[in-house]
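>>> One predicted model, sequence on top.
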Amino acid sequence: MQFMQILTSLVLAAFAGYVGAWYMGAIEGNFALLLFLATVVTGAYWLAERLVFLPRRRRAAQAIEDAAVQRLVNKFTYGVRLPVINTKIIEGNQPARGDVMVFRYPPQPSLDYIKRVVGVPGDEVAYLNKRLTVNGKPVETKAMPDFFDEDAMRYFKQYEEQLGGQPHRLLNNSDVPAFVQGASNFAYRDNCRYSVEGVVCKVPQGHYFMMGDNRDNSLDSRYWGFVPEANIVGKAFFVWMNFGNLKRIGSFH
């Protein structure tokens, strides 16, 4: 962002210098050239905003919202772990596709994140053209009435997805491209293939692939990779308080 501020200052200074020199008679101005350059610069800024900076702001906002959501978590569903060192001493159930799981965020383990499990060890997860496929089988979805986002003051496409034992709702934004912008260099990145259509990943043993239900506004495994088994905190089963949207208080589906 600081780079863009500096670049903007330089561009504005260059335009101001050109117009000033033209006005003072120091140079012979060319209005057509000036208009052309203004159009090119404006178009470049629009593309940068649309493809780079707006998605970054949305993912940052989603991360803040996730941090603001307080949830009741069953820490014993996936086994009993010693506190602090997080070592499992009693086995429990394995995370299943469709579970909403709390885990320590791999890029910054001091933070707890919450996402839905879409891929378990050994799965091949594909999210191409905004359709989820697991092990070559498309996950069943059903169109629902559009969802009205009161913050954005607009409607988004809403679907019901059948992943695991319980159906759940998800959102898609048709204005956001399918390709993944800005994936980091995470562990086992060679297990993933990125394209203009999206991403295909083979989940390594002892790891999980996580995605958010707001598919075009979620900082998830598509961007930072797989969740190691050691990072699991527990299974989320109740939203206690969401400061961004009180309608989300209640049990998960």
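Right, received. Where do you want to start? Numbering: from 1, shown residues only.
>>> which residues of the stretch 1-150 of the chain fall in helices?
2-24, 31-48, 54-68 (DSSP state H, counting those that start in this stretch).
>>> least reliable of these going by mean pLDDT?
Lowest mean pLDDT within the helices of the stretch 1-150 of the chain: helix 54-68, a mean of 58.
>>> quick one: pLDDT of the residue nearest to residue 202 when sequence neighbours are not counted?
Spatial nearest neighbour of residue 202, chain neighbours left out: residue 191 (4.5 Å); criterion: C-beta to C-beta, 6 or more residues apart in numbering. C-betas here are computed from N, CA, C, even on glycine. Predicted confidence (pLDDT) for residue 191: 98.
>>> Tell me who's in contact with the nearest residue to residue 97 once chain neighbours are set aside.
Closest residue to residue 97 apart from its sequence neighbours, by C-beta to C-beta, 6+ apart: residue 164 at 4.6 Å. Shown in contact with residue 164 (C-beta atoms under 8 Å, 6 or more residues apart in numbering): 96, 97, 98, 99, 117.
>>> And those residues, which of them are buried?
Neighbour-count burial (16 or more other C-beta atoms under 10 Å) is assigned, among the contacts of residue 164, to 97, 98, 99, 117.
>>> got those as a markdown table, with distance to residue 155 columns?
Below are the buried ones among the contacts of residue 164 laid out as a markdown table (distance: C-beta to C-beta, whole Å):
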| residue | distance to residue 155 |
| --- | --- |
| 97 | 29 |
| 98 | 26 |
| 99 | 29 |
| 117 | 28 |
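>>> Could you list which of those belong to strands?
Among the buried ones among the contacts of residue 164, DSSP state E puts residue 117 in strands.
>>> what's the closest of the buried ones among the contacts of residue 164 to residue 131?
residue 97 (15.7 Å; C-beta to C-beta).
>>> That closest one contacts residue 118, correct?
Yes. Counting by C-beta atoms under 8 Å, residue 97 touches residue 118, with 6.2 Å between them.
>>> intersection of neighbour lists for the two?
Common contact partners of residue 97 and residue 118 (C-beta under 8 Å, 6+ apart): 134, 163.
>>> Now do the end-to-end distance for stretch 116-132.
13 Å (C-alpha to C-alpha, to the nearest Å).
>>> Just the closest of the contacts of residue 164 to residue 236, please.
Using C-beta to C-beta, the contacts of residue 164 come closest to residue 236 at residue 99, 8.4 Å.
>>> so who does the closest one touch?
Residue 99 sits next to 116, 117, 164, 235 when contact means C-beta under 8 Å, 6+ apart.
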